[in-house]
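Enquirer: structure for this input, please:
(chains A and B)
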Amino acid sequence: MKQPPRRSGALDEARLRQQAIGARLRQIFDDVVNEPVPDEFLDILRDADARDAGKGR
Amino acid sequence: MTTVSRADRPDDPARDRAFKGDLVALIPHLRAFARTLTGDPTAADDLAQDAMMKAWDARASFEMGTNMKAWTFMILRNQFYSEKRRSWRQSQLDQEAAERTLVAIDDPAAPVALDELRLGLGMLPSEQREALVLVGAGGFAYEEAAEICGCAVGTVKSRVSRARRALQDILDRGEYHRDGAAASEAMGSILAHAERLSNAR
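Expert: The predicted structure is shown next:
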């Protein structure tokens, strides 16, 4: 159930809460973006590239 | 499973090199998107690797100069749903961890804790979660997110706004239940509430 706003500042408070949630959400995402990429990714891609090049010509 | 026939692809090593460079630069973003979809780091990396290879195999169909980030995110998302990997999300929402998170936070003035938000994010229906992540964290415009999700722009807007409301509500109820009711009871109530919210128009 939604609670009715109790005071005039309720809207501002909700906006502040949303900003905090937004900042944390970006942090959760960016934390992963900033992790070093596991070698496995590049290994797989390199192998596929080598395989394709071998087949190609 | 069939893959794009490599014989049909125009053989262009320079184009492949450019494509590969762009694809490598996107890996961190693919990993992050996969992590938010699955909630599990290992499953997420499997998904991101699959998506990366699908993108590589389909490189001939990509139009260089268009939005490669959106294109790869779409591939990753399709991969996620085609393999019905959302079941990961269910198993990942481990009750004990959830209870620990809920009871651990006892300062009502504390800023939104990361774990709490991760947990809340996991409770959202997947289409709301992905919309919120793409727009709120992935840096996509509503139009791009709509393209990635294969739906109308208005649908993305409404999903993002419902996700924000539901998340706020989940977090608020987590706080509310901290002092009194047993944490497991709180979890049940939060889950039921999240479900009601997601079903509501």
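Enquirer: which parts of chain B sit against chain A?
Expert: Applying Cβ under 8 Å from any Cβ of the partner chain, we find that chain B lies next to chain A at B:6, B:11, B:13, B:16, B:20, B:23-24, B:27-29, B:31-33, B:35-36, B:45, B:48-49, B:52-53, B:56-57, B:111-112, B:114, B:117-118, B:121, B:132-133, B:136-138, B:164, B:167-169, B:171. For every residue, glycine as well, the C-beta is placed using N, CA and C.
Enquirer: if you set the cut-off to 7 Å instead, what comes out?
Expert: By Cβ under 7 Å from any Cβ of the partner chain, the residues of chain B that approach chain A are B:6, B:11, B:20, B:24, B:27-29, B:31-32, B:35-36, B:45, B:49, B:52-53, B:56, B:111-112, B:114, B:117-118, B:133, B:136-138, B:164, B:167-168.
Enquirer: taking those, please make a ChimeraX selection of just the buried ones.
Expert: This is how ChimeraX selects the buried members of the residues of chain B next to chain A, with burial counted by 16 or more other Cβ atoms under 10 Å in any protein chain shown:
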select /B:20,27,28,29,31,32,35,36,45,49,52,53,56,112,117,118,133,136,137,138,164,167,168
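Enquirer: among the residues of chain B next to chain A, name the ones in helices.
Expert: Per DSSP state H, helices hold the following members of the residues of chain B next to chain A: B:20, B:24, B:27-29, B:31-32, B:35-36, B:45, B:49, B:52-53, B:56, B:114, B:117-118, B:133, B:136, B:164, B:167-168.
Enquirer: so what's the residue most central in space within chain A up against?
Expert: Of all residues in chain A, the one closest to the mean position by Cα atoms, centre = their mean is A:F29, 2.5 Å from it. Going by Cβ atoms under 7 Å, 6 or more residues apart in numbering or on different chains, A:F29 touches B:A32, B:T36, B:V133, B:A137, B:G138.
Enquirer: let's go with 6 Å and repeat that
Expert: For A:F29, the contacting residues are B:A32, B:A137, by Cβ atoms under 6 Å, 6 or more residues apart in numbering or on different chains.
Enquirer: in which helix or strand would I find it?
Expert: Assigned by DSSP states H and E, A:F29 belongs to helix A:10-33.
Enquirer: enumerate the positions of that helix that are buried.
Expert: Buried residues in helix A:10-33 (16+ other Cβ under 10 Å): A:R17, A:I21, A:G22, A:R24, A:L25, A:R26, A:I28, A:F29, A:V32, A:V33.
Enquirer: same thing with stretch A:39-55?
Expert: Those would be A:F41, A:L45, A:D52, for stretch A:39-55 by 16+ other Cβ under 10 Å.
Enquirer: nearest to chain B among these?
Expert: A:F41 (5.3 Å; Cβ to the nearest Cβ).
Enquirer: hmm, the closest one is touching B:A25, no?
Expert: No - the criterion here is Cβ atoms under 6 Å, and A:F41 misses it with B:A25 at 11.8 Å.
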